[in-house]
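[1] sequence and computational prediction follow.
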Amino acid sequence: AGLQCASFNLRTAGKRMIDVLVIGGGNAALCAALMAREAGASVLLLEAAPQAWRGGNSMHVRNLRCMHDAPQDVLVDAYPEEEFWQDLLKVTGGRTNEALARRVIRDSATCRPWMRRHGVRFQPSLSGALHTARTNAFFMGGGKALVNAYYRSARQLGVQVRYESPVQRIELDDGRFVAAWVGNERIAARSCVLAAGGFESNRDWLRRAWGQNALGEWPADNFLIRGTRFNTGVLLKHLLDDHAADAIGDATQAHMVAIDARAPSYDGGICTRIDCVSLGIVVNQAAQRFYDEGEDFWPKRYAIWGRLVAQQPGQIGYSIIDAKAVGRFMPPVFDGVQADTLGDLARQLGLDAPTFEATVAAYNAACRPGNFDHTALDDCRTEGLAPAKTHWALPLDTPPYFGYAVRPGITFTYLGLQTDETAAVRFGGQPS
């Protein structure tokens, strides 16, 4: 989000005023800094993290979803604008800004040459990355390589970068940017780009937003943060509370994924995600299923499973597969619990064995014969079971059996500042 500057003094504290101040150090911040520098502006980028942890959540990303009308270098077939738009509508339940969404979709078709010029390299979809060869271009070396490439390019172009420089507040004059404060240091600039992330690593804010559930639990206490510990939402809260910036989104909504319960509290990244959900069943602490595991292709549904698990007692679930699923999904960093019988698997997972065995037996009995095809929305489904499994329903009958305890893993929160196609922050409906 951009803030225009009210001050045009050429000197601040004896130094020439910076044209563009970028607050944040991830992908969005770096792209803004590089493009401003390419346009001839002087740029200072402030990253809250130490250099070793620079990049925010971007150091954990691995691909870019791209619109394309024909096969490209690392993308097969086509992924046209309307299909991309319909996918976005479906995953958001229709709650999205069509103009901004279509802008992003169209620009995804043309941004990769610019990224390559700044050192980013792409590769085809990884083996085991479900259904993404057509839609997603993968970064060679992952998000860390992406971030490093941008920082190298920024240095070569003359972008100034300061690490361990968290901004606590900013000065505005009638909605126009004046200066930012890092501790007791005041930094003025002609314009400012805010790219400091959400509040997903602010556990107190998460706790307040989610509150207590009907069981008296505080669900946020059991959330794991998939990315950086530095996205605490300080500036987001400051702009909303102290400057009455227009908000959009919902503090209780987030991109939440079911991740391995053994993942670290922060920075577990992509390797802790559990990708076998659609190949088996998921049960809660009571050893009961609670949602359709085969509702749609995994890349279109993985981001809802964190919230589903967050709504279960204890904010924990268990993804269960048998030997038939092995090799059909990207294995996580930790091995699953393994057993030769369902009863032994339940005991190792801390579940009531008779209830778990009854749940699996009911599921197995409800599976109807079909032609299993994990690359399509196949006809393998359950019948007479609630909740149903609508695709890829195969009986769990082939040992060894595997189980993964999963917790809600937050990628980023869904509360932000209202903006428009110019990326200007809005105050009382008026752009900065």
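    Sure, I can see it. Numbers count the residues shown, from 1 in each chain.

[2] helices along the protein, start to end?
    27-38, 81-92, 98-107, 112-117, 142-157, 203-210, 234-242, 305-310, 342-349, 353-366 (DSSP state H).

[3] comparing those helices by mean pLDDT, which bottoms out?
    Of all the helices of the chain, the minimum mean pLDDT falls on helix 81-92 (a mean of 92).

[4] residues near the closest residue to Leu239 other than its chain neighbours, how many?
    In space, and not counting its chain neighbours, Leu239 is closest to Ala245: 4.1 Å by CB to CB, 6 or more residues apart in numbering. C-beta here means a position set from N, CA and C on the backbone, and glycine is covered the same way. By other CB atoms under 10 Å, the residues close to Ala245 number 24.

[5] show me what Ala245 is bridged to.
    Under DSSP bridges, the beta-bridge partners of Ala245 are Phe427.

[6] mind checking how far Met67 is from Trp392?
    Distance of Met67 to Trp392, computed by CB to CB, to the nearest Å: 27 Å.

[7] what of Glu357?
    Glu357 is 22 Å from Trp392, by CB to CB.

[8] those two - which one has more neighbours?
    More crowded of Glu357 and Trp392, by other CB under 10 Å: Trp392, with 24 against 17.

[9] how many neighbouring residues does the closest residue to that one other than its chain neighbours have?
    The shortest distance from Trp392 to any non-neighbouring residue, by CB to CB, 6+ apart, is to Gly294 (4.5 Å). By the criterion of other CB under 10 Å, Gly294 has 25 neighbours.

[10] how about Ile316?
    Neighbour count for Ile316, taken as other CB under 10 Å: 19.

[11] so it makes contact with Ala286?
    No. Using CB atoms under 8 Å, Ile316 is not in contact with Ala286, being 10.9 Å away.

[12] who are the contact partners of the residue nearest to Leu239?
    Counting by CB atoms under 8 Å, 6 or more residues apart in numbering, Ala245 touches 239, 417-418, 425-427.

[13] any low-confidence regions in this structure?
    Low-confidence segments of the chain, defined by pLDDT under 70: 1-15, 127-130.

[14] partner strands of the longest strand seen in it, with direction?
    Counting residues, the longest strand found in the chain (DSSP state E) is strand 401-417. Within its sheet, strand 401-417 is paired with strand 224-225 (parallel), strand 247-260 (antiparallel), strand 317-321 (antiparallel), strand 337-339 (antiparallel), according to DSSP bridges.

[15] now the angle from that strand to helix 81-92?
    100 degrees (axes from the mean of the first three to the mean of the last three CA atoms, to 10 degrees).

[16] buried ones in strand 401-417?
    Residues 401-417 are the ones in strand 401-417 that count as buried (16 or more other CB atoms under 10 Å).

[17] quick one, that strand and helix 234-242 angle?
    50 degrees.

[18] the inter-axis angle of strand 401-417 versus helix 353-366?
    Inter-element angle recorded for strand 401-417 and helix 353-366: 90 degrees (by the same axes, to 10 degrees).

[19] how big is the angle separating strand 401-417 from helix 342-349?
    Interaxial angle of strand 401-417 relative to helix 342-349 (the same axes, to 10 degrees): 50 degrees.

[20] residues contacting the residue nearest to Lys144 when sequence neighbours are not counted?
    Nearest non-adjacent residue to Lys144, counting by CB to CB, 6+ apart: Met59, 4.9 Å away. Taking CB under 8 Å, 6+ apart as the contact definition, Met59 lies against 26, 53, 143-144, 146-147, 228, 269.

[21] and which of those is nearest to Leu46?
    Comparing the contacts of Met59 against Leu46 with CB to CB places Gly26 closest, at 12.2 Å.

[22] for that closest one, which non-adjacent residue is spatially closest?
    Nearest in space to Gly26, with sequence neighbours left out and distances taken as CB to CB, 6+ apart, is Gly56 at 3.2 Å.

[23] who touches the residue nearest to Gln160 when sequence neighbours are not counted in this structure?
    Leaving aside its sequence neighbours, Gln160 sits nearest to Leu44 (CB to CB, 6+ apart; 4.5 Å). Contacts here follow CB under 8 Å, 6+ apart; on that basis Leu44 touches 18, 20-22, 159-162, 187, 189.

[24] if you set the cut-off to 10 Å instead, what comes out?
    18-23, 33, 159-162, 165, 180, 187, 189 (CB atoms under 10 Å, 6 or more residues apart in numbering).

[25] what do you get for Ala28?
    By CB under 10 Å, 6+ apart, the residues touching Ala28 are 1, 22, 56, 58, 193-197, 423.

[26] from Gln212, how far out is it?
    For Ala28, the distance to Gln212 equals 34 Å [CB to CB].
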